[in-house]
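In: Below is the structure, and that's it, no one-letter string:
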């Protein structure tokens, strides 16, 4: 199914990102990233990126251009490889590692989290894997895990 293909693609991108030692190349200039120089800031006032408006991980990772930095507790511009303008040692993109599975309201959100699975018979998200739930019992015909 399409969901499985997307899940596999995201998994592959994450594996690729963790297998490399970082992005090779030069650091982008301020003009390339759209940042203002200090002498321009008085003209425009304080700047805030689109991602900075998110104050919790869940809303942050739902924005495709953003990722959650668990180290600083901030939502930053970035992608699967990491934050664009800052260093972050605990980068979370596409799912929040500290969020309990029960917080996911639907099957899609639940199965996007690699540590969770959806039980169709109870319509709940719980900790688990492709083999089944870690706790409770959900018949294998009703279990959807990555």
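Out: Perfect, I can see it now. No experiment lies behind these values; they were computed from the predicted model shown.

In: Now do the helices in this protein.
Out: 2-19, 30-33, 38-44, 57-61, 107-112 (DSSP state H).

In: and the first one, average pLDDT?
Out: For helix 2-19, mean pLDDT rounds to 44.

In: list the buried ones in stretch 68-85?
Out: For stretch 68-85, a neighbour-count test (16 or more other CB atoms under 10 Å) marks 68-70, 74-79, 81-84 as buried. All C-beta spots, glycine's among them, are computed from the backbone N, C-alpha and C.

In: Averaged pLDDT, that stretch. What do you get?
Out: On average, stretch 68-85 scores 92.

In: start to end distance for that stretch?
Out: This stretch, stretch 68-85, spans 13 Å end to end (CA to CA, to the nearest Å).

In: and what of stretch 122-140?
Out: Span of stretch 122-140 from end to end, CA to CA: 13 Å.

In: From the rest of the structure, what touches it?
Out: Stretch 122-140 is contacted by residues 101-105, 107, 109-110, 113, 115-121, 142-143, 145-146 when judged by CB atoms under 8 Å, 6 or more residues apart in numbering.

In: are any of these buried, and which?
Out: Buried residues within the contacts of stretch 122-140, counting neighbours by 16+ other CB under 10 Å: 101, 104, 107, 109-110, 113, 116-119, 143, 145-146.

In: and of these, the nearest to residue 49?
Out: residue 109 (24.3 Å; CB to CB).

In: Name the nearest residue to the closest one, sequence neighbours excluded.
Out: Of all residues not flanking residue 109 in the chain, residue 125 sits nearest, at 7.5 Å (CB to CB, 6 or more residues apart in numbering).

In: Could you tell me how many residues sit around the one you found?
Out: Residue 125 is flanked by 25 other residues according to other CB atoms under 10 Å.

In: What of the one 3 residues further on?
Out: With neighbours defined by other CB under 10 Å, the count for residue 128 comes to 23.

In: Per-residue confidence at it, what does it come out as?
Out: 90.

In: I'd like the distance from the nearest residue to it once chain neighbours are set aside to residue 56, if you could.
Out: Closest residue in space to residue 128, ignoring its immediate chain neighbours: residue 117 at 3.7 Å, by CB to CB, 6+ apart. To residue 56, residue 117 is 23 Å away according to CB to CB, to the nearest Å.
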